[in-house]
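K.L.:
Okay, here's the prediction I keep looking at, along with the sequence it came from:
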Amino acid sequence: MSVHKHVLSVTVRDQPGVLMRIAGLFARRGFNIESLSVAQSEIPGISRTTFTVSGEDATIEQVQKQLQKLIDVLKVIDHSEAKFVDRELMLIKVAVRSPEERVELRQVAQDFRARIVDVHRDALVFEVTGDEGKMDAFIEQMRPFGILELIRTGRVALTRSAADSKVTGRPTVKAA
């Protein structure tokens, strides 16, 4: 069996401890969560969690089945099974040593549709959004200039098909 990267979206009720139980399930299986993103969904009281993990397909399928059994989990989608759209956000601070470098950095940013969000005499901070490949390529372009700091959000993903998007049934949400 071969190891593949999987992007899993888990739709859950907003309840204390849900993320810990989900992450614990991955930990017990020996998976390293490569990326993690959690935020409110379009339904109040419901969040969507996106995990990127690598593993054998059969093992990931077992994890999905175990996730479905958790009480606050409403839906699990393995995006590797259908077409999907994914994005990340990255902030990256790059050293600027000369006016010529500043011009060159601005040109690279324009090529990647990156935004300059902070300007200092000796550094620029860029905001970049896109898929994993775009993030990696931008980082490689910035390395020669000197990356001072970098942070990336976890991947977020949605299936392209409307049929695969809906949370089945009307979820019950406890009032606060």
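P.N.:
Good, I have the coordinates.

K.L.:
Now S37: closest residue in space that isn't a chain neighbour?
P.N.:
Among residues not flanking S37 along the chain, G154 sits closest, at 3.4 Å (CB to CB, 6 or more residues apart in numbering). To be clear about C-beta, it is placed using only N, CA and C from the backbone, and glycine gets the same treatment.

K.L.:
Could you measure from that neighbour over to A39?
P.N.:
The gap separating G154 from A39 is 10 Å, by CB to CB, to the nearest Å.

K.L.:
And the two? Which one has more around it.
P.N.:
G154 (19 against 11; other CB atoms under 10 Å).

K.L.:
gap between that one and Q141?
P.N.:
22 Å.

K.L.:
what are the ranges of the helices in the protein?
P.N.:
18-28, 57-69, 99-111, 132-142 (DSSP state H).

K.L.:
what sits against the residue nearest the centre of the chain?
P.N.:
Central residue of the chain (CA atoms, centre = their mean): R155, 1.3 Å from the mean position. Counting by CB atoms under 8 Å, 6 or more residues apart in numbering, R155 touches V7, S35, S37, T50, T52, D86, R87, E88, E132.

K.L.:
of those, closest to S80?
P.N.:
Nearest to S80 among the contacts of R155, counting by CB to CB, is V7 at 6.7 Å.

K.L.:
tell me the domain boundaries of this protein?
P.N.:
3-81, 85-152 (automatic domain parsing).

K.L.:
Now stretch 100-110: buried residues?
P.N.:
For stretch 100-110, the neighbour count (16 or more other CB atoms under 10 Å) marks E101, R102, L105, A109 as buried.

K.L.:
quick one: which of the helices of the chain is nearest L124?
P.N.:
Of all the helices of the chain, helix 99-111 comes closest under CB to CB, at 5.8 Å.
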